[in-house]
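> What shape does this take:
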Amino acid sequence: MIDTNVADESTARRDGFLARHWQKLVAAAIWLALVGSFLGYSIITGSSPTETLQDVVDLLRTPFGPLLYIIIYTLRPLAFFSAIVVTLLGGAIWGPVWGTAFVVIGSNMSATLAYVFGRAFGQGVLAKGDGATQGIVGRYAERLRANAFSTVLIMRLIYLPYDLVNYLAGFLRVPYKPFILASILGSLPGTLTFVLAGASLDIDDIFAGNFDIAAINPWTLALSAILFVAGIAFSRLLRRQEAGA
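Alright, predicted model coming up:
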């Protein structure tokens, strides 16, 4: 006969493990699905990994590509995939104008999704034992609760990890309206920075193995660097004004 106490303890441990690590399990499942789909497509079509990536880019260039890109960007935080890489890709495919438009839509939808997940399942979103992360959290958590708009704005302007800010805002139950408004405004310098950096690249030459660093548009890259520095400088100005208030 199975000891019911042992069974109950086992169930409690299992439930506790799932409660603490569900985000990692979801991320692992999404990564496995992505990698499995990528490898499966490569095997079925007989394509190399580079050719498969080229096919993905070609798919994004179709009339339905922008919608697919926005969906990918929206779901990206569930797999903890880099927002910078997806933003660079948007600039490389559609250029500065449309690339910025699609990135702004996708990034703020992804911010909303991560915020909702953080609000609903806050426990465990912030990894324990990470000294650097906990230091950032400790510095900004109370400010987020007290002054959501300006704090989120500054966190965006100094390029704190995009998804960390989203999850943290949801976890701390920051009101959504100031969070999303600050995200839209505060992310613009970073969005323009990386979209312009992506637009300065010729993605077809990269896939063809003919990439030449001299072919990068220097003006676009320079403007990207200026926006990056300007965003950080503006955040420092805001923090000085707050300190002096």
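
> C-alpha only now, for contacts and for neighbours.
Will do.

> Helices of this structure, start to end?
4-45, 49-60, 65-75, 83-120, 131-146, 148-157, 162-171, 176-199, 203-208, 218-244 (DSSP state H).

> can these go into CSV with extra columns for mean neighbour count and mean pLDDT?
Below are those laid out as CSV (neighbours: other Cα atoms under 10 Å; pLDDT from 0 to 100):
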stretch, mean neighbour count, mean pLDDT
helix 4-45, 13, 67
helix 49-60, 15, 82
helix 65-75, 18, 93
helix 83-120, 21, 92
helix 131-146, 14, 61
helix 148-157, 23, 86
helix 162-171, 24, 88
helix 176-199, 23, 90
helix 203-208, 14, 73
helix 218-244, 15, 65
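
> Without its sequence neighbours, what residue ends up closest to residue 182?
Nearest in space to residue 182, with sequence neighbours left out and distances taken as Cα to Cα, 6 or more residues apart in numbering, is residue 153 at 4.8 Å.

> Make sure the one you found is actually in contact with residue 190.
No - between residue 153 and residue 190 there is no contact under Cα atoms under 8 Å: 11.9 Å.

> circling back to that earlier point, from residue 66, how far out is the residue nearest to residue 182?
Distance of residue 153 to residue 66, computed by Cα to Cα, to the nearest Å: 27 Å.

> Please apply the same query to residue 194.
Residue 194 is 18 Å from residue 66, by Cα to Cα.

> what does residue 149 give?
30 Å.

> And for residue 108?
From residue 108 to residue 66 the distance is 15 Å (Cα to Cα).

> ditto for residue 192
18 Å.

> same question, residue 102
Counting by Cα to Cα, the gap from residue 102 to residue 66 is 7 Å.

> In this structure residue 105 contacts residue 70, no?
Yes - counting by Cα under 8 Å, residue 105 touches residue 70, with 7.0 Å between them.

> for residue 46, phi and psi?
phi 70, psi 20 (degrees, to the nearest 10).
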